[in-house]
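**Student:** here is my input, please return the structure:
(2 chains)
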Amino acid sequence: MADRYIEPDTPELRARWGNFAWTEANAAKAKEVVARYPEGRQRSAVMPLLDLAQRQVGAELNTQGWLPIPVMEFLAEYLSMPVIRVVEVASFYTMYNIAPIGRFHVQVCGTTPCMLRGSDDIIAACKSRGMKKGHITGDGMWSFTEVECMGNCASAPMVQINDDNYEDLTAERMDAVLDALARGESPKAGTQDPARHTVEPVGEPTNLAAMVSANHDYRSEW
Amino acid sequence: MPKVKVDGIEIEVPAGATVLQAAELAGKEIPRFCYHERLSIAGNCRMCLVEVKPGPPKPQASCALPAADGQEIRTDSEMVKKAREGVMEFLLINHPLDCPICDQGGECDLQDQSVAYGRGGSRYHEHKRAVTEKYMGPLIKTTMTRCIHCTRCVRFSEEVAGVDEIGALYRGESMQITTYLEKAAHHEMSANVIDLCPVGALTSRPYAFEARPWELKKTLGIDVSDATGANIRIDSRGREVLRALPRNNDDVNEEWISDKARYQVDGLTKRRLDKPYLRRDGKLVQATWNEAFAAIATLNPGNSIAAVAGDMVDCETMFAAKALVGALGSTLLEGRQTGMDYDTSSLAAVNFNTTLNGIETADAILIVGSMVRWEAPTVNVRLRKAVKRGAKVFLIGPEWETTFGGEFLGDDLSALGNLPGHVADALSGAKRPAVILGGAALGRGGLEAALALSAQFNLVRTLEDGSAWNGFNVLHMAASRMGGLMLGYAQKGGIADLVAAKPKVLISLGADEVDYAKFAGSMIVYIGHHGDKAAHAADVVLPASAYTEKAGTYVNTEGRVQFADKAVFAPGDAREDWTILRALADAFGVSVGFDSFDALRGAMIASVPALGTEGLADYGSALPAGGGSVSGQVAYPIKDFYMTNSVARASETMQRCSAELLHGVDFAEAAE
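**Tutor:** Residues are numbered from 1 along each chain as shown, chains lettered A, B, ... in the order given. From the prediction side, this is the model:
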């Protein structure tokens, strides 16, 4: 995480994003979000609105979106709160991108369960395509982050690419997903194991097998 | 009131106290970094861990745990000792071992507490985290690698200063304290974060690598940069004042001082008058003391002599000048240099009657012609506290950026006689209404109109709890003002009376704001310490002492009499002011009735007994009726916060603050 840095505030950045404003649809949405909080507590809406702003930027750039400084300033103005408080929130949570991002943001889980199930191969597959930490590939397609547990341990290893998870990966399956994305297709999200539907046991159940067909009281066996 | 047991000592603590406060009441020291009495509780440094029963079987952060009845608190158990050692070891994981080159060394909480509560060595062998420096302006030097993330500075700027510009970016180990986009901290109290910082992350930029705390002589002083009389500690080495730090005084400045009070001291060594000067053929030339005295005495002014007091002089100097002028048969004394001529027959009418502490409890405040943020930064902090407690604030005058909200009612003084309905309702409905009249309104004759308002809203009243409340306040800007008024430094027509009297000799006691062109026919004898505006106009310059170079009595805007000690000697041939006036008396061949400082002080106290007792002087609570109408636009007298007096104008630090913070000059950071 130490390699997360706010994109510097440059005249070019200001020229590009200085006149950021909600689109019509997002303006209505933002209003609705602010209305969820009591009068005078509008700054509580900062997190959903940061997400909304990031998505609006994303829609414009055809990426996951990110939060340039002028956009955070716009939000601070919109919620009448100090900018530094907005920046604090945006820089704290890793789901807010505070620097430009590629067309696809590949977040590979490298925590223990995924690692044991071969996340190193997935990372190698990414790296072979030129992805590296905190860097957008030359064609603007890929950004890469190694992240901690995303809660998909039952179908490890997994990656999250923009808003979708791809699970039960091997290097080949990962390549297939990335190739499909590169071709502009939308590969099926979720498990990539053809034998699997969601996170049901692979093959015969090994745990609580007696519970498969009917309820079973295990207590006497403990 | 819960009863708790601390290390076996049973004590009763006030309701709402924390375990940490309870332990302190029992006389037990609890180490801490993030906890600070005047800031909100963060509970993130974990240094204050203690053992509390009943409760979970683990150490608990005492700063954030309310003391409850029947608690058994241990601060001396093995668990506590190990917890403190552990926390200290964690804190030191990323803290560089650069104490020998750190300015905080010797007055560092982390250093002291690691000696007292830490273990002997570290078991950490990995690389330490490094953080890039952050630019926080001309006053604050940062070494963010040393930061332990206590967030005191963040809480100070948000809660006390009211200018949200310091924050904590990123998270966890990567957390960094910074100002927004590394802009300079932009308020008048910014340097207080240096005192708050428990480590060497934020240190004083002008004082960088100047001295170690143990080499400094510490003298108790009173700040003269504004009229609040902030209590300061003057740290000096040899003949040089190296820094001024705030002293704790809940009634005056709490424990903050303005950046000007803190950093104007480097002006004490610049542009100093250290030799007497005489004007010969239109030019000031160096002279000896005897020549200077002879030049004044040969004029033989008789009773055609007047004295005007500057903003920073002490009561003793003013009394000595009064005695001298009086011995010659004149009563022409004035301290309001810029020509203000408000009525001073009742001192209660020109006093900050709620007291600085009391204004915090006001629930409706009308500020007339005062840019409080610049005129009295520590009062601004109080106003913010009042607003946080629910006070409504209305302001008459040009709009400025308040740190407490408030509603501006236009910049014309006529609003005073014609308050909008909701403002009048708020003031008449308030339990503790207050009016603050600033210099801009005083100078325009707003005093009478404001006094009429005080009668209308019954500002002087007895509260429900039986205590007296006087909500009529005048906020002065000169440290010498209240003392001067007590000593009679006021003519009915203001300084115009002195001009009209055409005195042969005008004694100027460090009065730099006077329009001396009007005194073209007088010999101007300047007794002061800086070659500033008045010295240029003077015919005789007698070098005197600045506020750090003489003992003195000061009366702040609320009528609080305070004593300051002498920290260093004045440079060169400069003398203490009273000795110059005493020698002048000899030159004139009159007797002023004192030969020593003690005799002078004794005579002054005999003349004005209130000046002999530290604390609030009693001016009574009766206010004159006032009346009349006033109109015209308000113009605040301070155009540049950092340049309000001769010391500050001579100070390089203040010049840079003024250029960078107020006039937007960009100072490129020198590459290191």
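**Student:** chain B contacts on chain A?
**Tutor:** Contacts of chain A with chain B, taken as C-beta under 8 Å from any C-beta of the partner chain, map to A:1-2, A:4, A:6, A:9, A:69, A:82-85, A:87-88, A:91-92. Quick note: C-beta positions are derived from backbone N, CA and C, even for glycine.
**Student:** drop anything exposed from these.
**Tutor:** Buried residues within those, counting neighbours by 16 or more other C-beta atoms under 10 Å in any protein chain shown: A:Arg4, A:Ile6, A:Ile69, A:Pro82, A:Val83, A:Ile84, A:Arg85, A:Val87, A:Glu88, A:Ser91.
**Student:** picking that back up, how about the residues of chain A next to chain B in JSON lines, adding pLDDT and secondary structure?
**Tutor:** Output for the residues of chain A next to chain B, formatted as JSON lines (pLDDT from 0 to 100; DSSP: H, G, I helix; E, B strand; the rest coil):
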{"residue": "A:Met1", "pLDDT": "42", "secondary structure": "coil"}
{"residue": "A:Ala2", "pLDDT": "50", "secondary structure": "coil"}
{"residue": "A:Arg4", "pLDDT": "82", "secondary structure": "coil"}
{"residue": "A:Ile6", "pLDDT": "90", "secondary structure": "coil"}
{"residue": "A:Asp9", "pLDDT": "90", "secondary structure": "coil"}
{"residue": "A:Ile69", "pLDDT": "95", "secondary structure": "helix"}
{"residue": "A:Pro82", "pLDDT": "93", "secondary structure": "coil"}
{"residue": "A:Val83", "pLDDT": "94", "secondary structure": "helix"}
{"residue": "A:Ile84", "pLDDT": "94", "secondary structure": "helix"}
{"residue": "A:Arg85", "pLDDT": "95", "secondary structure": "helix"}
{"residue": "A:Val87", "pLDDT": "95", "secondary structure": "helix"}
{"residue": "A:Glu88", "pLDDT": "94", "secondary structure": "helix"}
{"residue": "A:Ser91", "pLDDT": "94", "secondary structure": "helix"}
{"residue": "A:Phe92", "pLDDT": "94", "secondary structure": "helix"}
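**Student:** got the contact list for residue 156?
**Tutor:** Defaulting to chain A. Residues counted as contacts of A:Ala156 (C-beta atoms under 8 Å, 6 or more residues apart in numbering or on different chains) are A:Cys109, A:Pro113, A:Cys114, A:Leu116, A:Arg117, A:Ser119, A:Glu167, A:Asp168.
**Student:** I was after chain B.
**Tutor:** Contact partners of B:Phe156, counting by C-beta under 8 Å, 6+ apart, are B:Leu39, B:Ile166, B:Asn192, B:Val193, B:Leu196.
**Student:** out of the residues you listed, who's near chain A?
**Tutor:** Contacts with chain A are made by B:Ile166 out of the contacts of B:Phe156, judged by C-beta under 8 Å from any C-beta.
**Student:** circling back: out of the contacts of A:Ala156, which comes closest to B:Asp69?
**Tutor:** A:Pro113 (47.7 Å; C-beta to C-beta).
**Student:** my read is that that closest one contacts A:Met150, right?
**Tutor:** No: counting by C-beta atoms under 8 Å, A:Pro113 does not reach A:Met150; the two are 10.6 Å apart.
**Student:** quick one: name the residues of the stretch 1-150 of chain B near chain A.
**Tutor:** B:Arg129.
**Student:** show me the shaky parts of the stretch 1-150 of chain B.
**Tutor:** Within the stretch 1-150 of chain B, no stretch has pLDDT under 70.
**Student:** counting neighbours, what do you get for the spatially closest residue to B:Arg129 that is not a sequence neighbour?
**Tutor:** Once flanking residues are discounted, B:Arg129 sits nearest to B:Asn94: 4.3 Å by C-beta to C-beta, 6 or more residues apart in numbering or on different chains. Residues lying near B:Asn94 (other C-beta atoms under 10 Å in any protein chain shown) number 19.
**Student:** distance of B:Asn94 relative to chain A?
**Tutor:** With the distance defined as C-beta to the nearest C-beta, to the nearest Å, B:Asn94 ends up 12 Å from chain A.
**Student:** B:Pro56 now?
**Tutor:** For B:Pro56, the distance to chain A - C-beta to the nearest C-beta - is 27 Å.
**Student:** over to B:His125?
**Tutor:** 19 Å.
**Student:** again, but for B:Glu334
**Tutor:** In this view, B:Glu334 and chain A are 46 Å apart by C-beta to the nearest C-beta.
**Student:** ok, residue 51 - contacts?
**Tutor:** By default, I'm working from chain A. By C-beta under 8 Å, 6+ apart, the residues touching A:Asp51 are A:Met95, A:Tyr96.
**Student:** wait, I meant chain B there
**Tutor:** With contact taken as C-beta under 8 Å, 6+ apart, B:Glu51 is in contact with B:Pro59, B:Gln60, B:Ile73, B:Arg74, B:Thr75, B:Ser77, B:Met79, B:Val80.
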